[in-house]
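[1] Model the following, please.
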Amino acid sequence: MRREPVSLTRHLRVYAYQAYTVLEFRGEIDIIAADEILPLLDRITGRPGARVVLDLRPVEFFDCSGLRLLYRARARILGHDGQVHLVCTHPLTLRVLRVTGLSRLLPPHATPDAALAGAGSASGAR
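    Below you'll find the predicted structure:
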């Protein structure tokens, strides 16, 4: 069941989808956006057994600050025995994920449904 998204900042909306919390990043994810997102990200990813989908589809720009957010979210979620999946379709963002190697640690999917269909696979595995 999907609830209506809650905009926690202008760069982050959060909603429930199936048994997961979706963190939908929006707009330009740079150092300013990262500072805005970080406290909320930490609150959600620090929960024991958190099940999270990181959705980058509405992202227009994504730099190393965004990469740090993704890596931090992954580490915190897996450190608390949770599950994490990534949704991303923007070609430039996908390129950044591939070049940096983050796509090997957090394989991108085209939709939340596609990400959750592989929930038993290596997505977000250590």
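[2] Quick check: closest non-adjacent residue to Ile110.
    Actually, residue 110 is Ala. It isn't Ile. Thr89 (5.6 Å; Cβ to Cβ, 6 or more residues apart in numbering). (Each C-beta comes from the backbone N, C-alpha and C, glycine too.)
[3] show me the contacts for that neighbour.
    Neighbour list for Thr89: Leu56, Arg57, Pro108, Ala110 [criterion: Cβ atoms under 8 Å, 6 or more residues apart in numbering].
[4] try it again with 10 Å
    Listed by Cβ atoms under 10 Å, 6 or more residues apart in numbering, the contact partners of Thr89 are Asp55, Leu56, Arg57, Val59, Pro108, His109, Ala110, Thr111.
[5] For the first one, report the pLDDT, please.
    In the predicted model, Asp55 carries a pLDDT score of 98.
[6] Report how many residues lie close to it.
    Using other Cβ atoms under 10 Å as the criterion, Asp55 is surrounded by 24 other residues.
[7] Could you report the distance from the nearest residue to Thr93 once chain neighbours are set aside to Arg43?
    Excluding the flanking residues, the one nearest Thr93 by Cβ to Cβ, 6+ apart is Phe62, at 4.6 Å. The spacing between Phe62 and Arg43, counted by Cβ to Cβ, to the nearest Å, is 22 Å.
[8] These two: which has the busier surroundings?
    Legend: neighbour count by other Cβ under 10 Å for Phe62 and Arg43, higher for Phe62 (24 against 10).
[9] on that earlier part again, pipe the contacts of Thr89 into JSON lines and attach secondary structure per row.
    JSON lines is the format used below for these (DSSP: H, G, I helix; E, B strand; the rest coil):
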{"residue": "Asp55", "secondary structure": "strand"}
{"residue": "Leu56", "secondary structure": "coil"}
{"residue": "Arg57", "secondary structure": "coil"}
{"residue": "Val59", "secondary structure": "strand"}
{"residue": "Pro108", "secondary structure": "strand"}
{"residue": "His109", "secondary structure": "strand"}
{"residue": "Ala110", "secondary structure": "coil"}
{"residue": "Thr111", "secondary structure": "coil"}
